[in-house]
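Got a predicted model here, sequence first, then my questions.
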Amino acid sequence: MRNYRLTIQYNGTNYSGWQIQPNVDTIQQQIGNAIQILTKEKINLIGSGRTDAGVHALGQIANFRIEDELNINKFQHSLNSILPTDIAINDITEIDENFHARFDAKKRSYLYVINSMKSPFYKDFSYFYPPISKLEIDLLNKISSEFVGEFDFTSFSKKNSETKEKVCNITLSRWRRNKDLYYFRVDGNRFLHGMVRAIVGTILEIAEKKHHVGKVGEILSLKDRDDAGRGVPACGLFLYKVKY
């Protein structure tokens with residue numbers, strides 16, 4: 001069997017997330033169907049991780065295995081030509097047969113974008129939230145640094161999640177600003193359903209209410225989603241890149 005690795009970008013606005021689900025349109029379904037049309041083989045498309053409805057990707061990684069060797073350049077061109085315009089395959093490489101896009105991933109990076117000034121050009125790719133302009137970046141970063149480390153993130157996972165293991169190791173949690181745009185980046189070995197959006201909402205809430213930065217640790221220890229902040233909208237979230 002030959003194993004091919006894809007690097008994918010997508011605008012998730014019109015999709016119900018990455019993973020195939022009944023009766024809805026998903027990224028995995030669109031790409032999987034397109035590959036099967038071209039290869040005439042039934043394939044299993046494996047993603048590095050799920051993204052929720054409305055979430056975007058700058059560097060999603062996936063792999064699939066088939067019997068035949070591909071002409072990679074021709075195949076990439078053909079695949080992009082039949083995929084919708086909001087999904088793009090940026091790279092295809094043949095890789096070791098044992099490579100698994102999900103299980104071999106060592107680190108995943110997410111970006112969350114907030115816009116403090118209304119713009120029709122940012123509406124699908126950022127959270128329009130004017131109050132952030134009143135918050136100091138230094139304060140946001142002090143709060144964010146409290147998430148770095150290995151913790152049980154039950155308080156930041158959606159209720160009734162099927163995932164039993166809630167411990168994640170966060171290695172980077174940081175904000176930066178460029179004029180009216182605010183960028184939050186978080187890196188970790190794994191992320192739970194709704195986790196990044198809950199983290200962002202909690203950071204904003206702690207900063208706005210002027211809670212002490214140790215509030216993060218208190219919320220983590222309680223292991224209850226009701227004690228964390230609101231989940232911010234999906235439109236501002238991007239799967240940035242995956243490291244192996």
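Structure received. Residues are numbered from 1 along each chain as shown.

and the biggest helix by length in the chain, what does it pack onto?
The longest helix of the chain (DSSP state H) is helix 195-209. Under the contact criterion of 3 or more CB pairs under 8 Å, 6 or more residues apart in numbering; DSSP states H and E, helix 195-209 touches strand 107-115, helix 137-145, strand 181-188, helix 215-222. From N, CA and C alone the C-beta is placed, and that goes for glycine too.

what is the rounded mean pLDDT of the last one?
Translated: helix 215-222. Regarding helix 215-222, the rounded mean pLDDT is 96.

hmm, back to that, with distance to I72 added, can I get the helices and strands packed on helix 195-209 in TSV?
Output for the helices and strands packed on helix 195-209, formatted as TSV (distance: least, CB to CB, whole Å):
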stretch	distance to I72
strand 107-115	25
helix 137-145	40
strand 181-188	30
helix 215-222	45
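
how about these, which one is nearest S157?
helix 215-222 (11.5 Å; CB to CB).

picking up where we left off before, now do the longest helix of the chain against strand 107-115, angle only.
Per axes from the mean of the first three to the mean of the last three CA atoms, to 10 degrees, the angle that helix 195-209 makes with strand 107-115 is 50 degrees.

what distance separates helix 195-209 from the centre of its chain?
17 Å (CA atoms, centre = their mean, to the nearest Å).

buried set for it?
195-204, 206-207 (16 or more other CB atoms under 10 Å).

Closest one to Q60 out of the residues you listed, please.
Closest to Q60, out of all of these and judged by CB to CB, is V196, at 14.6 Å.

Domain boundaries for the protein, per the record?
Here the domain parsing of the chain from automatic domain parsing is 2-95, 109-237.

Need the distance between the two termini of the last one.
Here the two ends of domain 109-237 are set 11 Å apart, with distance taken as CA to CA, to the nearest Å.

likewise stretch 93-110?
23 Å.

Then stretch 138-152?
End-to-end for stretch 138-152, by CA to CA: 26 Å.
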